[in-house]
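Enquirer: Sharing a model prediction with you, sequence too.
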Amino acid sequence: MTSKIATSEIANPYAQALMSLAQARNLTDRCGEEVRSLLGLLSGSEELRSFLINPFVKLEDKKAVITRILGDGADTYFRNFLLLLVDRRRISLLEPICQQYLTLLRQLKQTVLAEVVSAVSLTEAQQQSVREKVIALTNAREVELDTKIDRDLIGGVIIRVGSQVIDASIRGQLRRLSLRLTSG
C-alpha cells in the first residue's frame, strides 16, 4: 500500500494536467461537475472501485466501463484523460487525482470547502446561513459545503474549514459545560 504522500506526489501532476487542459478549453467548471459526479459513483460503488484498481482486469475492459459510465454527454477531453489514466496504469489513483483537481478548482475560484456535520439534514436556508458565516470568517468568494449527518449530535452543527473547527452542536455545548463543572 502506498503512502498518502507518495500517492499525492503521483496524483498531483495528473490533476495539474487536467486543470491545465480544462483551463485551456475554458471547461474548468464542467470538468469539476464531471469529477464530482465520478467521485459520487466511486464512493457509492465498491464494486466499481475494485474493478478499476484490479490489475488483472484487461485495460480494454476498464476503458469500456469508463466509456459506458460517462455516457455520450461527457466531455471528450475528460473521457480521454480517464482513458489515458488506464493506459498509464494510473487509474488506481483516480480518486486522489479527482480530489486534487477539486482542490485546484477551489483555489482557482477562491472557494473554501466547509465540512458541516449536523444531527439532521439542513434546509436550504440553513445551508445559506452556514455559507454566509464561513464567507465572513474566511473572506472567500464562495463556499462549497460537504454535509454529513451524525445523529449523536442531538442538535446544532459542527463546521470544519481547513484546520478551524466551529462546534455549535448541543453535544459540544454539553461537553464544555461538563468540563466547566468538573474543573470548578
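Expert: Cool, the structure landed. Numbering: from 1, shown residues only.
Enquirer: Do a quick rundown of the strands in this protein.
Expert: 111-118, 142-149, 156-161, 164-169 (DSSP state E).
Enquirer: For these, give me CSV that also has mean neighbour count and mean pLDDT.
Expert: From N, CA and C alone the C-beta is placed, and that goes for glycine too. Listed next are the strands of the chain as CSV, based on neighbours: other C-beta atoms under 10 Å; pLDDT from 0 to 100:
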stretch, mean neighbour count, mean pLDDT
strand 111-118, 19, 90
strand 142-149, 14, 89
strand 156-161, 18, 88
strand 164-169, 15, 83
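Enquirer: among those strands, which is nearest Gln128?
Expert: strand 142-149 (9.7 Å; C-beta to C-beta).
Enquirer: counting residues per helix, which one in the chain is longest?
Expert: helix 4-24 (DSSP state H).
Enquirer: what about Leu105, neighbour count?
Expert: The tally of other residues near Leu105 (other C-beta atoms under 10 Å) stands at 22.
Enquirer: So it is in contact with Glu33, correct?
Expert: No. With contact defined as C-beta atoms under 8 Å, Leu105 does not count as touching Glu33 (10.1 Å).
Enquirer: Domains in this structure, by residue range?
Expert: Domain segmentation of the chain under the TED database yields 1-107, 111-183.
Enquirer: Can you tell me which of these has the worst average pLDDT?
Expert: Ranked by mean pLDDT, the domains of the chain bottom out at domain 111-183, with a mean of 86.
Enquirer: First-to-last residue distance for that one?
Expert: 40 Å (C-alpha to C-alpha, to the nearest Å).
Enquirer: May I see the strands of the chain arranged in TSV, with distance to Gly44 as well?
Expert: Output for these, formatted as TSV (distance: least, C-beta to C-beta, whole Å):
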stretch	distance to Gly44
strand 111-118	19
strand 142-149	15
strand 156-161	23
strand 164-169	27
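Enquirer: what's near enough to touch the residue lying closest to Val86 once chain neighbours are set aside?
Expert: Closest residue to Val86 apart from its sequence neighbours, by C-beta to C-beta, 6 or more residues apart in numbering: Lys62 at 4.9 Å. Residues near Lys62 by C-beta atoms under 8 Å, 6 or more residues apart in numbering: Phe51, Leu52, Val86, Ile91.
Enquirer: Leaving out chain neighbours, which residue sits closest to the second one?
Expert: In space, Leu52 comes closest to Ile91 once its chain neighbours are excluded; the distance is 5.2 Å by C-beta to C-beta, 6+ apart.
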